[in-house]
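Trainee: pasting the sequence and the predicted model now:
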Amino acid sequence: MSSDNPEEKIEMANNLLRMVAEDTSVPRNIRRIANNAIEILSDKEKSYALRASNAISLLDEAASDPNCPIHARTRIWQIISILEPLNR
């Protein structure tokens, strides 16, 4: 990922989060967390850092869930790695 544009990073993260949220093989609680993270990232009233921090916090919780399938956990880690640079 070469983009330094925070808006592009948030859009990438939202696209990946939508994949998790729409995957019926992922437990409902994790899909709900993905939808909550999309809402958090879409809140333009808050700074990029605050949005990224709040979303990462939620996603860490989802990735730690023992019921989270490996493919969803991998995607969540990918999303976190996209958001980490904004968390400053």
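Mentor: Yes, it's here.
Trainee: from now on I want contacts and neighbour counts done on CA atoms only, so please keep to that.
Mentor: Noted.
Trainee: can you pull out the helices in the protein?
Mentor: With helices called from DSSP state H, the chain shows them at 6-22, 28-41, 48-64, 70-83.
Trainee: restricting to C-alpha, output the first one in CSV.
Mentor: Written as CSV, here are the backbone C-alpha positions of helix 6-22 (Å, rounded to 0.1, in the frame of the first residue of the first chain):
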residue,chain,number,x,y,z
PRO,A,6,-5.9,9.2,5.0
GLU,A,7,-9.2,9.3,3.1
GLU,A,8,-8.0,6.5,0.8
LYS,A,9,-6.8,4.4,3.7
ILE,A,10,-10.2,4.7,5.4
GLU,A,11,-11.9,3.8,2.1
MET,A,12,-9.7,0.7,1.7
ALA,A,13,-10.4,-0.3,5.3
ASN,A,14,-14.1,0.2,4.8
ASN,A,15,-14.1,-2.0,1.7
LEU,A,16,-12.4,-4.8,3.6
LEU,A,17,-14.7,-4.3,6.6
ARG,A,18,-17.7,-4.6,4.3
MET,A,19,-16.3,-8.0,3.1
VAL,A,20,-16.2,-9.2,6.7
ALA,A,21,-19.6,-7.7,7.5
GLU,A,22,-21.2,-9.4,4.5
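Trainee: so for it, mean pLDDT?
Mentor: Helix 6-22 shows a mean pLDDT of 96.
Trainee: so for Ser2, what's the pLDDT?
Mentor: 51.
Trainee: could I get the helices of the chain as JSON lines with mean neighbour count?
Mentor: Formatted as JSON lines, the helices of the chain follow (neighbours: other C-alpha atoms under 10 Å):
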{"stretch": "helix 6-22", "mean neighbour count": "18"}
{"stretch": "helix 28-41", "mean neighbour count": "19"}
{"stretch": "helix 48-64", "mean neighbour count": "18"}
{"stretch": "helix 70-83", "mean neighbour count": "18"}
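Trainee: Leu50 reaches Asn87, doesn't it?
Mentor: Yes - counting by C-alpha atoms under 8 Å, Asn87 is a contact partner of Leu50 at 7.0 Å.
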